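**Q** Structure, please.
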Amino acid sequence: MEIEFWYEFASTYSYPAAMRVESAAKAAGVTLRWRPFLLGPIFGAQGWNDSPFNIYPAKGKYMWCDMARICEGAGLTLKAPVRFPQNGLKAARLALLGQDEAWGAAFTRRVYLANFAEQKDISDECVLAGILSSLGLDAGELIARSNAPENKDRLKVQTEEAIARGIFGAPSFLAGDELFWGNDRLEAALEWAKR
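**A** Okay, here's the model as predicted:
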């Protein structure tokens, strides 16, 4: 029994999902795989050059109100990011290195907190290095590895896999080939995986 958690660091609803997915999966007895990817190519294929929450102002206004309710209910701090959406490319490259390592989940959560709770610029390598160092990791070595051509290619391939598997937004959960989209669909994904 496994679910895959597909997330993008610029995604608002991926923030509360990232903060609860690990404990929810553990409580359900379901194995969890963290899968960072990029929404930019997916949005670009639809003709969007920005977040749909910016393109459609009424949708954006609703999303921020909804996020405030979700975060309050979950006990999470929510502050408007330094810009929205932030560029999560460098963070995603690092998360890809950690997706199968013990530090990956903690790094991912810290990046979301930096973005949506601490108003830090997650495209800044100094911010990312600080997060890595706070986890006891060699920031310089990991940043160098994340910027290597083979890791950049791995992120492109992982994003292409997301597209091939029908993912169109984040957060998304895959239980086998069954797709569940949105923070509020986590429990349904876990139940499906258990079946």
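**Q** can you pull out the strands in this protein?
**A** With DSSP state E as the criterion, the chain has strands at 2-7, 31-36, 172-175, 178-181.
**Q** What is the second one packed up against?
**A** So that's strand 31-36. The contact analysis (3 or more CB pairs under 8 Å, 6 or more residues apart in numbering; DSSP states H and E) places strand 31-36 against strand 2-7, helix 14-28, helix 89-98, helix 104-116, helix 149-164. In short, each C-beta sits where N, CA and C put it, glycine included.
**Q** closest to L39 out of those?
**A** With CB to CB, the closest approach to L39 among those belongs to helix 149-164: 8.5 Å.
**Q** Quick one: mean pLDDT over that closest one.
**A** Average pLDDT, helix 149-164: 96.
**Q** for stretch 26-45, same thing?
**A** Mean pLDDT, stretch 26-45: 90.
**Q** List the buried residues of that stretch.
**A** Buried positions in stretch 26-45, judged by neighbour count with 16 or more other CB atoms under 10 Å: 28, 30, 32, 34-40, 42-43.
**Q** Can you tell me which of the strands of the chain is most buried?
**A** Each of those was scored by mean neighbour count; the highest is strand 172-175, a mean of 24, by mean count of other CB atoms under 10 Å.
**Q** what's that strand in contact with?
**A** 2-7, 162, 165, 167, 179-181, 185-186, 189-190, 192-193 (CB atoms under 8 Å, 6 or more residues apart in numbering).
**Q** circling back: quick one, which of the helices and strands packed on strand 31-36 gets closest to K61.
**A** helix 104-116 (17.1 Å).
**Q** And the closest one, what's buried?
**A** 104-116.
**Q** between these, which is nearest G98?
**A** G104 (3.0 Å).
**Q** Next one: the nearest residue to that closest one once chain neighbours are set aside from S51, what distance?
**A** Of all residues not flanking G104 in the chain, G98 sits nearest, at 3.0 Å (CB to CB, 6 or more residues apart in numbering). According to CB to CB, to the nearest Å, G98 stands 25 Å off from S51.
**Q** out of those two, which sits in the busier spot?
**A** G98 (21 against 18; other CB atoms under 10 Å).
**Q** check contacts around the more buried one.
**A** 34, 104-105, 107-108.
**Q** for the buried residues of stretch 26-45, which one is nearest L132?
**A** Set against L132, the nearest of these by CB to CB is P36 (15.0 Å).
**Q** Let me see the contact set for the closest residue to A162 other than its chain neighbours.
**A** Counting by CB to CB, 6+ apart, the nearest residue to A162 once its immediate chain neighbours are dropped is F37, at 4.5 Å. Contacts for F37 (CB under 8 Å, 6+ apart) come out as 6-8, 92, 155, 158-159, 161-162, 167, 170.
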